[in-house]
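Peer 1: please work out how this folds:
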Amino acid sequence: MHSTNFLSKTLGFFSLSRIPFLNRFSLRTKLVFSFLFVVLAGGILSSLIGTQLVADTIILQAQNKVKHDLSTAWLVYNESLNRIQDVVQLTALGRTIPEFLQSGQKKKLQDYLVKRRKEFGLDVLTLTDARGVVLFRSYHPFQTGDSRASDPLVQKALQGKTLASTWIVPAEEIKHRGYDLSMRNPFREEAKDLPKPIELTARLLEQTRELHDIIQDLHDKLGNGEE
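Peer 2: Here you go, the predicted model:
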């Protein structure tokens, strides 16, 4: 009896007894309503807390995924820089370039640079002198004679430093240098230009005439044999 009175007073603390229409119900009914109130309030509170925890967990996972992807991107980027640095350094330190320069074989040197650029998948491979003046370019239109001494990396190279880095070049300057900015897959082989329809028909007529002459010659030989 004492516990019942204590529970009734405790539930009354939640202001259920202050609701006018509940005063008409029995103690058992009030207890039921009190337990329902506690269960609903606890459920709502648990849902809110659970939703917040789930949201925080999802956000944390997304942040960790972004950090992982950025770390992977930096790794790939640094590996790419190191590879380009190794290719350029090995090309510069070899005996091929000095020999071609000393012997004056400019065409062979240009072909060598073009081959190296394509072989290692480089977009640009340019040879300058000790002042930064371009001696050879490995891409069309093979312009030479301009100075690249103002480029940050070229300045470091002229100081005897070996490094690989990135800097932004304005689009107008890129177009002026003659770079190919067309959107295409660099790993796909270039498609050969197809001949025009009139060229195809002309070839077909020529081949037809050649075939007719062969058949006519064969016919004449067979006719002479029968006689």
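Peer 1: the residue most central in space within the chain sits in which helix or strand?
Peer 2: The centre of the chain sits closest to residue 73, judged by CA atoms, centre = their mean, with a distance of 9.6 Å. Here residue 73 sits within helix 27-93, counting by DSSP states H and E.
Peer 1: please name every helix or strand in contact with the helix or strand just after that helix.
Peer 2: Using DSSP H and E, the helix or strand that directly follows helix 27-93 along the chain is helix 96-103. Applying 3 or more CB pairs under 8 Å, 6 or more residues apart in numbering; DSSP states H and E, one finds that helix 96-103 contacts helix 106-119. (Each C-beta comes from the backbone N, C-alpha and C, glycine too.)
Peer 1: give me the angle between the helix it packs on and helix 96-103.
Peer 2: Here helix 106-119 points in a direction 170 degrees away from that of helix 96-103 (axes from the mean of the first three to the mean of the last three CA atoms, to 10 degrees).
Peer 1: going by neighbour count, list what's buried in helix 106-119.
Peer 2: Along helix 106-119, these residues count as buried under the neighbour rule (16 or more other CB atoms under 10 Å): 109, 110, 112, 113, 114, 116, 117.
Peer 1: contacting residues for the residue lying closest to residue 84 once chain neighbours are set aside?
Peer 2: Excluding the flanking residues, the one nearest residue 84 by CB to CB, 6 or more residues apart in numbering is residue 164, at 5.7 Å. Taking CB atoms under 8 Å, 6 or more residues apart in numbering as the criterion, residue 164 is in contact with 81, 82, 84, 85, 88.
Peer 1: pick the one among these closest to residue 175.
Peer 2: residue 84 (22.7 Å; CB to CB).
Peer 1: that closest one is in contact with residue 122, isn't it?
Peer 2: Yes. Using CB atoms under 8 Å, residue 84 makes contact with residue 122 at a distance of 6.9 Å.
Peer 1: quick revisit: from the buried residues of helix 106-119, which is closest to residue 224?
Peer 2: residue 114 (58.2 Å).
Peer 1: if I pick that closest one, what's in contact with it?
Peer 2: Per CB under 8 Å, 6+ apart, neighbours of residue 114: 138, 139.
Peer 1: redo the contacts of residue 164 as a markdown table? Include neighbour count and distance to residue 59.
Peer 2: Putting the contacts of residue 164 into a markdown table (neighbours: other CB atoms under 10 Å; distance: CB to CB, whole Å) gives the following:
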| residue | neighbour count | distance to residue 59 |
| --- | --- | --- |
| 81 | 14 | 33 |
| 82 | 11 | 35 |
| 84 | 17 | 37 |
| 85 | 14 | 39 |
| 88 | 17 | 43 |
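Peer 1: rewinding a little: tell me how far the residue nearest to residue 84 lies from residue 86.
Peer 2: According to CB to CB, to the nearest Å, residue 164 stands 9 Å off from residue 86.
Peer 1: in three-state terms, label residue 195 for me.
Peer 2: Using DSSP: H, G, I helix; E, B strand; the rest coil, the structure places residue 195 in coil.
Peer 1: and for it, the neighbour number?
Peer 2: Counted with other CB atoms under 10 Å, the neighbours of residue 195 add up to 11.
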